[in-house]
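> Just need the structure, nothing else, for what follows:
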Amino acid sequence: MKEELRQWLLRYGFLDFQDGLMQCGVQGFEDLVLLTQNDLQELSKVLGLNLVMKRKFLNAVLDITTPKLEIQQIIRKLQINSAELTSTLSNHCSLVCSLATKVSEINTAPKAAPRPSNLQQVIKRQQSFKRSRSQHFFSKMDLDQIFQSDPPEDEKNTLQNTKPVAIPSTKKALPVLMPSSTQVPVDDPEPVQPPAPMMPIGPKPPDVIVLAVIPHRAKIKVFIEPLHLEGVKYLVNVVTPNGEESLEFPNHQDMIIPNIQPGRSYKVKVAAKSEGGMVGNWSEREPVLVPLNKETIVILGGDVEYEENLDVTEYYADTEKHWIHDGDYDMNTERTRLGATCWRGSLVIVGGSERGMGHTNNVQMFNFSSKAWRQFPGTKFVRHSHSVGVVDGKLFCLGGYGTRGTNNKRYRFLDVLEIYDSSEKQWVVHPEKMSMPRKDFGCAVIDDEIFVAGGESNSRIIPDCEVFSFTSGRWMKIAPMNTKRRQPGSCEYGGRFWVAGGFQGGSKKKSILVSVEMYDPHEDVWLEMPELTEARYGCTLQKMNDKLMCIGGYDTKHDPVGTIEVYDFESNCWRRWKTRLIKKRGSHCAVVVEKWF
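Residues are numbered from 1 along each chain as shown. Down below sits the predicted model:
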């Protein structure tokens, strides 16, 4: 690999992908800059780049420009399109030769006898051969029609009895041949040619910021940041099982994609269209999976006071419009600061702090059909205040505060990622670790990537964020949050990473947050969203069907609450929901599952 390309990789942080580029045949700038957009997309997949790294890599390649590279790029494009250029030039040459042949035949043909001077031939335009700006030659068929066609019969009869008649006008009078009879026939008006389609004019509209793409059972709702421009419209392109479909919306509040089939995955992208017809840049495609059935939320564990943990499980029933507690779903142990998720149709709880037992690595699984908890292989590390989820169909446990093994009492902040191996029926520690150990952080899974935000690291509350790509098996730092926080509510919603509330340290009431932030993985930026109606930490942020809900937690007096807030995209604000939890709690888990009742 050439030294200039190696220095470029080092400057942009891509030196780890040097071997992969060499295996793909990229040795220098000239090999990299001449790749098409599709080739660059395939190259990023081969290198295993995540969303953030892929966008950074593509932008860095586009910034490469030198006169020598530009010349080579032009030569490369000419070589690629040489066949098309040769065909076009051949067609134009044949047209020119045909035109020259017709002109020579006309010049060599015997001239017809001149007509009497008192008769003048009425020349009517038979047809208007209008062409667009991009068409510079008549076709051969049009030329043959012009040169070989005879005058119409009505014109031949008109020539027998005509005389010039002057028509008065404010403009310069022109001699016009009219019939000598008293009745002046009026020619039929020529057919009006349809106007040519307007070419787009004006500057491109700005890029559209997509806030969320929310699937319903029969439609997909797209939420964007509106552009305050006169006459702007919004284009939505969706890849359906039957192909691509494009929709146009005059209002950003009406962006609904109909005829959606449950259980299928769709890809959506958005662009703005100006009043002059110019279309702006398209957003990244947003993958959306439409659920087969309605979803509900299950609340697990938590604590009422710091000394009283809960084993009470409750879930929301949309038919009764309230929360239900069923003793059959209660956990076997009272547990707080646990991790929980839904894996292969069952509930899984991992670790936490058990009442009377302390911190644990105990894992249990609940089967909805048998309504029973059963033991599951324990994790390698004892931990609490961690995160549990599913990425690419695999169960994982990340971070927290604890120690390796049950006999080791040396507790510390953890940077360890454990993944459950179904074939070996045990947890495996991944060799790649987070850039910094942390607990009480926000976590979400988007596609095949694990995003973590904030938390507490070595007794210090941090705003730092990072992402783990399951494809490449590497951690990478991303943009930090605008506000440092620990114990926030977090989840994935509409293809974005949402973080709400939290605690930023100190004894003042302002240390408990009402702020909400949303991370866009395509732009690597955190956006400030509308604030919660009340400050809280130790809460859970979760989606249910098309709703984004902030549930429970601790208030400014550090007391547990049972209130719930729902984010309303239409009014762009949070509002208090109509129901409350049966049991006030904080440091709990909220899991979304398909309805089983």
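
> Can you verify my assumption that Tyr315 contacts Asp330?
No. Using Cβ atoms under 8 Å as the test, Tyr315 is too far from Asp330 to be in contact (11.6 Å). Where you see a C-beta, it was placed from the backbone N, CA and C, and this is true even at glycine.

> more crowded one of these two?
Tyr315 (20 against 17; other Cβ atoms under 10 Å).

> Just want to check the distance between the more buried one and Thr336.
Counting by Cβ to Cβ, to the nearest Å, the gap from Tyr315 to Thr336 is 19 Å.

> Next: Phe14.
43 Å.

> chain center to stretch 355-366: distance?
Chain-centre distance of stretch 355-366: 39 Å, with Cα atoms, centre = their mean, to the nearest Å.

> do stretch 486-493 as well
20 Å.

> State the mean pLDDT of that stretch.
On average, the pLDDT along stretch 486-493 is 95.

> Buried residues in it, which are they?
Neighbour-count burial for stretch 486-493 flags Arg486, Gln487, Pro488, Gly489, Ser490, Cys491, Glu492, Tyr493 (criterion: 16 or more other Cβ atoms under 10 Å).

> Give me the pLDDT value at the residue most central in space within the chain.
Taking Cα atoms, centre = their mean, the centroid of the chain lies closest to Glu286, which sits 3.0 Å from it. Per-residue confidence (pLDDT) for Glu286: 78.

> isn't it right up against Ile257?
No. The pair Glu286 / Ile257 is not scored as a contact, 11.2 Å apart, by Cβ under 8 Å.

> Any chance you could list residues touching both of the two?
Residues touching both Glu286 and Ile257 (Cβ atoms under 8 Å, 6 or more residues apart in numbering) are Val268.

> Leaving out the residues flanking it, which one is nearest to Cys397?
Excluding the flanking residues, the one nearest Cys397 by Cβ to Cβ, 6 or more residues apart in numbering is Glu418, at 4.6 Å.

> Tell me how far that neighbour lies from Ala444.
18 Å.

> One more: Pro258?
Pro258 sits 28 Å away from Ala444, going by Cβ to Cβ.

> If you count surrounding residues, which of these two has more?
Ala444 (23 against 8).

> mind listing what the closest residue to the more buried one other than its chain neighbours touches?
Spatially, and ignoring its direct neighbours in sequence, Ala444 is nearest to Glu492 (4.1 Å; Cβ to Cβ, 6+ apart). Residues counted as contacts of Glu492 (Cβ under 8 Å, 6+ apart) are Ala444, Val445, Ile446, Trp498, Lys543.

> can we see that at 7 Å?
Counting by Cβ atoms under 7 Å, 6 or more residues apart in numbering, Glu492 makes contact with Ala444, Val445, Ile446.

> give me the element it is part of.
Assigning secondary structure by DSSP states H and E places Glu492 in strand 489-493.

> just Ala100 next, same as before
Using DSSP H and E, Ala100 falls within helix 82-108.

> quick one: which of the buried residues of stretch 486-493 is nearest Val213?
Nearest to Val213 among these is Tyr493, at 9.7 Å by Cβ to Cβ.

> Now do the closest one against Val46, distance only.
Taking Cβ to Cβ as the measure, Tyr493 falls 31 Å from Val46.

> contact partners of the following helix or strand past the strand holding Glu492?
As assigned by DSSP H and E, the chain's next helix or strand after strand 489-493 is strand 496-500. Contacts with strand 496-500, where a contact means Cβ under 7 Å, 6+ apart, come from 212, 442, 444, 446, 451, 453, 481, 488-491, 516-521, 532, 541, 548, 550.

> make it 8 Å
Outside strand 496-500, the residues that touch it by Cβ under 8 Å, 6+ apart are 211-212, 442, 444, 446, 451, 453-454, 481, 485, 488-492, 515-521, 529, 532, 539, 541, 548, 550.

> Might you list the low-confidence residue ranges for the protein?
Along the chain, the model assigns pLDDT under 70 to residues 1, 30, 63-84, 107-199, 306-307.

> Next up, the contacts around the closest residue in space to Phe597 that isn't next to it in sequence.
In this structure, Phe597 finds its nearest non-sequential neighbour in Ala317, 7.2 Å apart by Cβ to Cβ, 6+ apart. Contact analysis of Ala317 by Cβ under 8 Å, 6+ apart lists Thr296, Trp323, Ile324, Phe597.

> now swap in Val390 and tell me
Counting by Cβ under 8 Å, 6+ apart, Val390 has contacts Thr341, Cys342, Trp343, Phe396, Val445.

> same check, this time on Val416
If you count contacts by Cβ under 8 Å, 6+ apart, Val416 has them with Lys380, Phe381, Leu398, Gly399, Val429, His430, Lys433.

> hey, where'd the helices end up in this structure?
3-12, 18-23, 29-33, 37-47, 51-62, 67-80, 82-108, 140-148, 153-158 (DSSP state H).

> what's the longest one packed up against?
Spelled out, it's helix 82-108. Applying 3 or more Cβ pairs under 8 Å, 6 or more residues apart in numbering; DSSP states H and E, one finds that helix 82-108 contacts helix 140-148.

> what do you get for the first one?
Applying 3+ Cβ pairs under 8 Å, 6+ apart, one finds that helix 3-12 contacts helix 18-23, helix 29-33, helix 51-62.

> counting contacts, what elements does the last one pack onto?
In terms of contacts (3+ Cβ pairs under 8 Å, 6+ apart), helix 51-62 is packed against helix 3-12, helix 37-47, strand 474-478.

> how about it as PDB, C-alpha atoms only?
As requested, the backbone C-alpha atoms of helix 51-62 are provided in PDB (Å, rounded to 0.1, in the frame of the first residue of the first chain):
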ATOM      1  CA  LEU A  51     -23.500   2.800  10.300                       C
ATOM      2  CA  VAL A  52     -21.300   5.600  11.800                       C
ATOM      3  CA  MET A  53     -18.100   4.300  10.400                       C
ATOM      4  CA  LYS A  54     -19.600   3.700   7.000                       C
ATOM      5  CA  ARG A  55     -20.900   7.300   6.700                       C
ATOM      6  CA  LYS A  56     -17.500   8.700   8.000                       C
ATOM      7  CA  PHE A  57     -15.700   6.500   5.400                       C
ATOM      8  CA  LEU A  58     -17.900   7.600   2.500                       C
ATOM      9  CA  ASN A  59     -17.600  11.300   3.300                       C
ATOM     10  CA  ALA A  60     -13.800  11.000   3.700                       C
ATOM     11  CA  VAL A  61     -13.500   9.300   0.300                       C
ATOM     12  CA  LEU A  62     -15.600  12.100  -1.300                       C
END
